[in-house]
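**Q** What follows is a predicted structure for the sequence shown.
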Amino acid sequence: MDDITRDGNPVLRSRAKELTFPLSDKEIEMGKKMMEYLEVSQDEKLAEKYHLRAGVGLAAPQVGSPTRMAAVLVPSDYEEEPPAFKEILVNPTILSESVQGAALGTGEGCLSVDEDIPGYVWRHDRIKLRWYDLDGNKHISRLKDYPAIVVQHEFDHLNGVLFYDHINKDARFKSPDGGVLIG
Ligand SMILES: CNC(=O)c1cccc(C)c1Nc1nc(N2CCN(c3ccccc3Cl)CC2)nc(N2CSC[C@H]2C(=O)NC)n1
């Protein structure tokens, strides 16, 4: 956990730089290590053994690298099913986003923010995402609900935005018209 940068470190408030292909061995290794972190953090026994906080997303600035890469591992509702969304995203771009909003009903947490900050983090319920994999292949993904929220949270990290920047401090649990609460 000590290798996760914490709020206050300027790398979390900077705009991360695009990566160029072919990626260096070091960049590929970083992507794989970020995904491995999420896998271990979601295994109760291993997370306890290595004192890791569970996460479903991790962006390169959170491991000290101001580059546009993020790992996302959103499990499905049933353990024996494959994950809802598992990818290492390079140079992601949100191509379009729904007008309809969505927020996690329990608020958001972040591996780089140690304290709980109450409030809904209103995002877009659906997004169309263009991204590249570690080999430089282009992908387009249409995401909805929890996976869409997680990707927007990680995308924010690449632009120096943290989840609590979106919380309405005067009305932390206010729902905008038509917004859906998830989870
Ligand atoms: C303040 N209240 C809260 O944090 C909060 C409180 C309750 C519920 C939710 C849903 C909350 N919110 C929240 N919970 C998560 N986890 C739930 C548990 N889970 C997990 C845990 C154990 C094994 C496997 C897994 Cl999968 C890991 C992920 N993750 C995020 N976020 C926001 S988007 C990026 C994502 C992230 O990875 N954060 C570290 N938010």
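**A** Okay, I see it. Predicted model only: the values in this text are computed from it and were never measured. Residues are numbered from 1 along each chain as shown.
**Q** which ones are touching the residue in the chain that the ligand sits nearest to?
**A** Using CB to the nearest ligand atom, the closest approach of the chain to the ligand is made by residue 109 at 2.6 Å. (C-beta placed from N, C-alpha, C; glycine too.) Counting by CB atoms under 8 Å, 6 or more residues apart in numbering, residue 109 touches residue 116.
**Q** per-residue pLDDT, it?
**A** What the model reports as pLDDT for residue 109 is 98.
**Q** What distance do you get for it to residue 14?
**A** Counting by CB to CB, to the nearest Å, the separation of residue 109 from residue 14 is 22 Å.
**Q** And residue 34, by the same measure?
**A** Residue 34 is 18 Å from residue 14, where distance means CB to CB.
**Q** Just the buried residues of the longest strand seen in the chain, please?
**A** Longest strand in the chain, counting residues (DSSP state E): strand 85-97. For strand 85-97, burial by neighbour count (16 or more other CB atoms under 10 Å) applies to 85, 86, 87, 88, 89, 90, 91, 92, 94, 97.
**Q** quick one: buried residues of stretch 4-14?
**A** So stretch 4-14, judged by 16+ other CB under 10 Å, has buried residues 4, 5, 11, 12.
**Q** burial measure for residue 177, as a count.
**A** Neighbourhood size, residue 177 [other CB atoms under 10 Å]: 6.
**Q** er, residue 180 actually
**A** Neighbours of residue 180 under the rule other CB under 10 Å: 12.
**Q** pLDDT at it, what is it?
**A** For residue 180, pLDDT reads 97.
**Q** Next: the one 3 residues further on.
**A** If you check residue 183, the pLDDT there is 88.
**Q** residue contacts, it?
**A** By CB under 8 Å, 6+ apart, the contact set of residue 183 is 104, 105, 106, 146.
**Q** still on that earlier bit, okay, now the sheet partners of the longest strand of the chain, with direction.
**A** As defined by DSSP bridges, the strand partners of strand 85-97 come to strand 69-74 (antiparallel), strand 126-132 (antiparallel).
**Q** C-alpha coordinates for it, PDB please?
**A** Extracted in PDB, the C-alpha atoms of strand 85-97 (Å, rounded to 0.1, in the frame of the first residue of the first chain):
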ATOM      1  CA  PHE A  85     -15.000  -5.400 -17.100                       C
ATOM      2  CA  LYS A  86     -11.300  -6.200 -16.900                       C
ATOM      3  CA  GLU A  87      -8.900  -4.200 -19.100                       C
ATOM      4  CA  ILE A  88      -5.600  -2.200 -19.000                       C
ATOM      5  CA  LEU A  89      -6.600   1.000 -20.700                       C
ATOM      6  CA  VAL A  90      -3.900   3.000 -22.600                       C
ATOM      7  CA  ASN A  91      -4.700   6.600 -23.800                       C
ATOM      8  CA  PRO A  92      -8.400   6.300 -23.100                       C
ATOM      9  CA  THR A  93     -10.800   8.800 -24.600                       C
ATOM     10  CA  ILE A  94     -14.500   9.200 -23.700                       C
ATOM     11  CA  LEU A  95     -16.100   9.600 -27.100                       C
ATOM     12  CA  SER A  96     -19.700  10.200 -25.900                       C
ATOM     13  CA  GLU A  97     -21.600  10.200 -22.600                       C
END
